[in-house]
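**Student:** give me the fold of what follows.
(one chain, ligands or ions: 1)
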Amino acid sequence: MAYARRLPSARQKGASVAAQEAVDTVRDREIGVEQEHLDQVYRRLEEKIHEAEFLMNDAAQRAQVGTPGALAERDAQVFRAGIHLNRLNNEFEDFLFGRIDLLYGKDGKKGPDGAYTSVEPAEDAIRPDNTAEIGETLHIGRIGVLDSDYSPLVIDWRAPAAAPFYRSTPVDPGRVVRRRVIRSKGRKVLGVEDDLMRPELKATLGGRELPAIGDGALMAALGQARGHTMRDIVSSIQAEQDLVIRAPAASVTYVEGGPGTGKTAVALHRAAYLLYQDRRRYAGGILIVSPTPLLVSYTEGVLPSLGEEGQVAIRALGSLVDGVEATAYDEPAVARIKGSSRMVAVLRKAARGALETPQPKAQPELPEPGEDERAAPAGTPTRLRVVAFGRRLELEADELRRIRQNVLSGTAPVNLLRPRARRLLLDALYAKSGAVGRHSDPELAAELRSSFDEDVSTEDSFLGFLDAWWPELTPRRVLDAMADEKRLGRWARRVLNQGEVRRLARSLRRPGLSVHDVALLDELHTLLGAPARPRRKREYDPLDQLTGLEELMPVREETQRERAERLAAERTEYAHVIVDEAQDLTPMQWRMVGRRGRHATWTVVGDPAQSSWSDPDEAAAARDEALGSRPRRRFELTVNYRNPAEIAELAARVLALAMPGKESPRAVRSTGVEPRFVAVPENTHLAETVRSEAERLLGEVDGTVGVVVAMNRRGEAARWLAGLGDRVVALGSLEAKGLEYDATLVVSPAEIADESPAGLRVLYVALTRSTQALTVLSGPRDLPDAAGVPDLLRD
Ligand SMILES: Nc1ncnc2c1ncn2[C@@H]1O[C@H](COP(=O)(O)OP(=O)(O)OP(=O)(O)O)[C@@H](O)[C@H]1O
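**Tutor:** Okay, the predicted model is just below:
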């Protein structure tokens, strides 16, 4: 391991009592310095809250004037003041977290936030004897606060002036001499952690030498126990991560990195950064796509902690289609069929073929898949009979088939072809009516035709026939129709083999939808098209009468919650799409996600080594199609912040099997605790050993324990752990994606690896979830050696 730091530091352990006391005094003094600054910031914030409250009261009084102009003004003012107050109140707690002490810059120019803009130090900032005076000190927080004289008390973490806090490294320090992370609770400063960017320099501030306290914020953050939700990393973002977070949002930003390199964290902070940079542009919404609902709930709190949520929708792949929630699981063989882009051809046929399937009885609510046929055995009508101009007119099965083929010869969505089908039916009936050629005068002929159409198309028999013969299809109805094996066989001819047809049809007959079904429904939605609906009348809003309101209110933010709800309910396209765990999207899922960002810029984060999709090349092709020809900018994250070196080394053995030649990210710390190997003793049930090993891990760590099992053991594993409390959870290997625990128990590597063609990569994911301790439990299938090490994990 090239670079691994051990906690707690040898420096602290070895310090003599006297030296430690001296350190404590300096620490207390430095905490006192930051406390003073925080007090000043709070005083200023209170002033600003009073200002905002005054603005709101004033605006409310103006509203009583009642003219349209006053109404618009009131609305804009209330709106702005409301946001202001809301933000101040929300971010009042714990929002100051950083400080940088900088050398004098090259020039004396200041930016809009009151900080000097120069990135490089002045030529003479460092004296020949390697001493220097600090030229500027900036405090960094979740929002910016200016003092009454416009000097910056706090710089917003996303502002350009805050970038050196994240970017500077000892290799490339720029003007930064010391970076400090401040820990506070409410109004009280609890601690500081410093990193020196120029350790060789003797810098002074106000005549006193600049001290460095602690082992650095990163190590302090990484050593903390984990809860069931992700924390923001705003105070310890690392330079390579900051480059990604602040990358301009043109085209596609593609981020690759191994487990624990902070891809998810970076993606979330990037959303907050983009909104800060260009709120107007991203009023179009940012969509973050996560692979599982578990990962959505794990990450949901991060954006609100950064003061952002209103314009961002975080959705799991299984809930991207409104009104649908994936609850069922497809075994790998079925998932492989449903996820493949071969399904496009099958769905195309099904979308058209479903016109000829019998109608379900109850519309629009559908029975469970497979039940509809039994409920309504009647087939599609084979004859049309109407009475017009005193004659009985009929179209027979052959004629109807020809008309249908004619209508379907185009590529338009099936539901949108219904008016054309209606038109051709009327044409055919008219041709039989004997009225053709009755008038040579074109006007009279047109009138006659028009009255014929009117007569026929309002006749119950015609309307009933049209509804049955060209029904309005819903995606769900077509998917249900595919549950019939014979029919599916016809639609999938030359695309799927017989075994695949049988498996697919069987899976569509079971209750509930899987995450893969959701992508099929979305594809069908496009193939069918939404029929035109009569517009609903909008409610009268007096503000509609006013012009220029948009200008007054450049960002129509509503309340954050309202907006988030509206986004989720209404939006089908977004201004920016962030795809997390992108390596896992199947080709069909890429098509679904791609449709939501046709005009968007993209951030795509993933790790091919963690892909659970069996054919990565096919998925990559679908991804490239979804992202179109937009230029790609690539970043790589190389440092593993999650796993201690001991765990990362073990996982690397599986990586070598799964993707020979692929490098693992380097772990940033080491705990000295090696992974534990246990084999289920003879005559003992797996359940007992799982339970006792989970209990053992609960005793070892303060935070969470994840027990990862093969997908087909999810249910029983949860029962094995019953009563052990909510610090421990059981998860199937695919559910572990993106999550992390203080300790993990990986149950039977062989079972996980054998479950699918991508099994080794799934096992790699399972082994990389822990921040502190890892136990690997082997069953007989794992062929453990005398030390309990399973075959797959031996050197
Ligand atoms: N700069 C940082 N400071 C503190 N903690 C960090 C930093 N970067 C990442 N971490 C922590 O490392 C852990 C892993 O981060 P994250 O889940 O974003 O990684 P990932 O690359 O998405 O991992 P995976 O591919 O395994 O899902 C998290 O606990 C995160 O908070």
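**Student:** can we go C-alpha only for contacts and neighbour counts from here?
**Tutor:** Will do.
**Student:** what segments of the stretch 551-700 of the chain are helices?
**Tutor:** When assigned using DSSP state H, counting those that start in this stretch, the helices of the stretch 551-700 of the chain occupy the ranges 560-570, 587-595, 616-627, 645-658, 686-700.
**Student:** same deal with the stretch 51-200 of the chain?
**Tutor:** Ranges of helices in the stretch 51-200 of the chain, per DSSP H, counting those that start in this stretch, are 68-90, 163-167.
**Student:** comparing those helices, which yields the minimum mean pLDDT?
**Tutor:** When the helices of the stretch 51-200 of the chain are compared by mean pLDDT, helix 68-90 comes last with a mean of 61.
**Student:** before we move on, the earlier item: closest one to residue 528 among the helices of the stretch 551-700 of the chain?
**Tutor:** When these are compared by CA to CA, helix 587-595 sits nearest residue 528, at 14.6 Å.
**Student:** tabulate the CA atom coordinates of that closest one in PDB.
**Tutor:** These are the backbone C-alpha positions of helix 587-595, laid out as PDB (Å, rounded to 0.1, in the frame of the first residue of the first chain):
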ATOM      1  CA  PRO A 587     -29.400  -0.900 -22.100                       C
ATOM      2  CA  MET A 588     -33.200  -0.600 -21.600                       C
ATOM      3  CA  GLN A 589     -32.600   1.500 -18.500                       C
ATOM      4  CA  TRP A 590     -30.300   3.800 -20.500                       C
ATOM      5  CA  ARG A 591     -33.000   4.400 -23.000                       C
ATOM      6  CA  MET A 592     -35.400   5.300 -20.200                       C
ATOM      7  CA  VAL A 593     -33.000   7.600 -18.500                       C
ATOM      8  CA  GLY A 594     -31.900   9.100 -21.800                       C
ATOM      9  CA  ARG A 595     -35.400  10.200 -22.600                       C
END
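**Student:** what sits up against it?
**Tutor:** 317, 338-341, 343-344, 516, 519-520, 522-523, 573, 618-623, 626-627 (CA atoms under 8 Å, 6 or more residues apart in numbering).
**Student:** now it: mean pLDDT?
**Tutor:** Regarding helix 587-595, the rounded mean pLDDT is 95.
**Student:** just the buried residues of stretch 131-150, please?
**Tutor:** Residues 132-146 are the ones in stretch 131-150 that count as buried (16 or more other CA atoms under 10 Å).
**Student:** which ones among the residues you listed map onto strands?
**Tutor:** Secondary structure from DSSP state E places 132, 133, 136, 137, 138, 139, 140, 141, 145, 146 of those in strands.
**Student:** and the first one, bridged to which residues?
**Tutor:** What that stands for is residue 132. With DSSP bridges as the criterion, residue 132 is bridged to residue 126, residue 203.
**Student:** hmm, it is touching residue 122, no?
**Tutor:** No: applying CA atoms under 8 Å as the test, residue 132 and residue 122 come out as separate, 11.1 Å apart.
**Student:** which residues do the two both contact?
**Tutor:** Joint contacts of residue 132 and residue 122 (CA under 8 Å, 6+ apart) are residue 103.
**Student:** number of nearby residues for whichever residue of the stretch 451-600 of the chain sits closest to the ligand?
**Tutor:** Using CA to the nearest ligand atom, the closest approach of the stretch 451-600 of the chain to the ligand is made by residue 581 at 6.9 Å. For residue 581, the count of nearby residues is 23 (other CA atoms under 10 Å).
**Student:** now it: phi and psi?
**Tutor:** phi 50, psi 50 (degrees, to the nearest 10).
**Student:** what residues are up against the closest residue to it other than its chain neighbours?
**Tutor:** The shortest distance from residue 581 to any non-neighbouring residue, by CA to CA, 6 or more residues apart in numbering, is to residue 606 (4.6 Å). Residue 606 makes contact with 255, 256, 257, 263, 580, 581, 582, 583, according to CA under 8 Å, 6+ apart.
**Student:** hmm, stretch 623-636 in reach of the ligand?
**Tutor:** No: Stretch 623-636 stays clear of the ligand (CA under 6 Å from any ligand atom), getting no nearer than 10.5 Å.
**Student:** run the chain-centre distance for that stretch.
**Tutor:** Remark: stretch 623-636 is offset 17 Å from the chain centroid, using CA atoms, centre = their mean, to the nearest Å.
**Student:** point out where the stretch 51-200 of the chain drops to low pLDDT.
**Tutor:** Applying pLDDT under 70 to the stretch 51-200 of the chain flags residues 59-94.
**Student:** now it against the ligand: closest residue?
**Tutor:** With CA to the nearest ligand atom, the shortest gap between the stretch 51-200 of the chain and the ligand falls at residue 166, namely 9.0 Å.
**Student:** does that residue touch residue 234 like I think?
**Tutor:** No: using CA under 8 Å, residue 166 is not in contact with residue 234, being 9.1 Å away.
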